[in-house]
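1. give the three-dimensional model of this entry:
(2 chains)
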Amino acid sequence: LAKTTQPISMDSYEGQEVNITCSHNNIATNDYITWYQQFPSQGPRFIIQGYKTKVTNEVASLFIPADRKSSTLSLPRVSLSDTAVYYCLVGDLSASKIIFGSGTRLSIRP
Amino acid sequence: NAGVTQTPKFRVLKTGQSMTLLCAQDMNHEYMYWYRQDPGMGLRLIHYSVGEGTTAKGEVPDGYNVSRLKKQNFLLGLESAAPSQTSVYFCASSRDREGNQPQHFGDGTRLSIL
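-> Next up, the predicted model:
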């Protein structure tokens, strides 16, 4: 089972680039890596998903090295509204477990 | 678009009471999931379904039952509520398993067991 490890919290300032790294040493060959964002009193919201190398969409980039044992979510030019908890997820529904982990609490300051 | 809708949003129960949480999705998704989230923690998978008429156990299934009689609905039942089941419950759906398709979440049901 691919357990994930993330920093508990991070702080940054508006306009900065923020990189959150997730470790998943036991990732399986067929597993994808997915990142979610969660605001208080809301359900998680999908940000980005990837399998290898680099993926970019309108809100973030995801960097995955060749060994796939880690991944980095990159948020360009963050704003106050990016303050949230970010979860790295490696799915393995065939093993009846999807491990969310405790997430990274990101705080953005003016 | 409604997406994933959970009913009710809040509920307070006494120990030993029973109740059912309803999740409805309008995206024609095959997969549906029930999670619980305790304060300061990540989500833990309770049960999931890979299609109408199917259910399977997740990481923390004890004390809960589920049913998927219709593709768009996934019900979570507590037969005899216990204080340890006080939590926020999230429902989610996806077109395929997590590795291929991301999950869409509802806004949760806050359940307190006294």
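2. OK, contacts around the residue lying closest to residue B:13 once chain neighbours are set aside?
-> Nearest residue to residue B:13 in three dimensions, chain neighbours excluded: residue B:81, at 4.7 Å (C-beta to C-beta, 6 or more residues apart in numbering or on different chains). Glycine gets a C-beta too; all of them are placed from N, C-alpha and C. Residue B:81 makes contact with B:13-19, B:113 under the criterion C-beta atoms under 8 Å, 6 or more residues apart in numbering or on different chains.
3. next one, pLDDT for residue B:81 please.
-> Residue B:81 carries a pLDDT value of 95.
4. under a three-state scheme, what state does it occupy?
-> Following DSSP: H, G, I helix; E, B strand; the rest coil, the label given to residue B:81 is coil.
5. per-residue pLDDT, the spatially most central residue of chain B?
-> By C-alpha atoms, centre = their mean, chain B has its centre lying nearest to residue B:34, at 2.8 Å. As predicted, residue B:34 sits at a pLDDT of 96.
6. was I right to think it contacts residue B:89?
-> Yes: counting by C-beta atoms under 8 Å, residue B:89 is a contact partner of residue B:34 at 6.6 Å.
7. who touches both of those two?
-> Here residue B:34 and residue B:89 have B:21, B:46, B:76 as joint contacts, going by C-beta under 8 Å, 6+ apart.
8. tell me which residues of stretch A:101-110 come out buried.
-> By neighbour count with 16 or more other C-beta atoms under 10 Å in any protein chain shown, stretch A:101-110 contains the buried residues A:101, A:103-106, A:108.
9. now, the residues you listed that are in strands?
-> Among those, the ones falling in strands (DSSP state E) are A:104-106, A:108.
10. dump these to a markdown table, plus distance to chain B.
-> Formatted as a markdown table, those follow (distance: C-beta to the nearest C-beta, whole Å):
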| residue | distance to chain B |
| --- | --- |
| A:104 | 11 |
| A:105 | 9 |
| A:106 | 15 |
| A:108 | 20 |
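11. list the contacts of the closest residue to residue B:38 other than its chain neighbours.
-> Distances taken as C-beta to C-beta, 6+ apart put residue B:87 closest to residue B:38, at 5.3 Å, once the chain neighbours are dropped. The contact partners of residue B:87, taken as C-beta under 8 Å, 6+ apart, are B:36-38, B:111.
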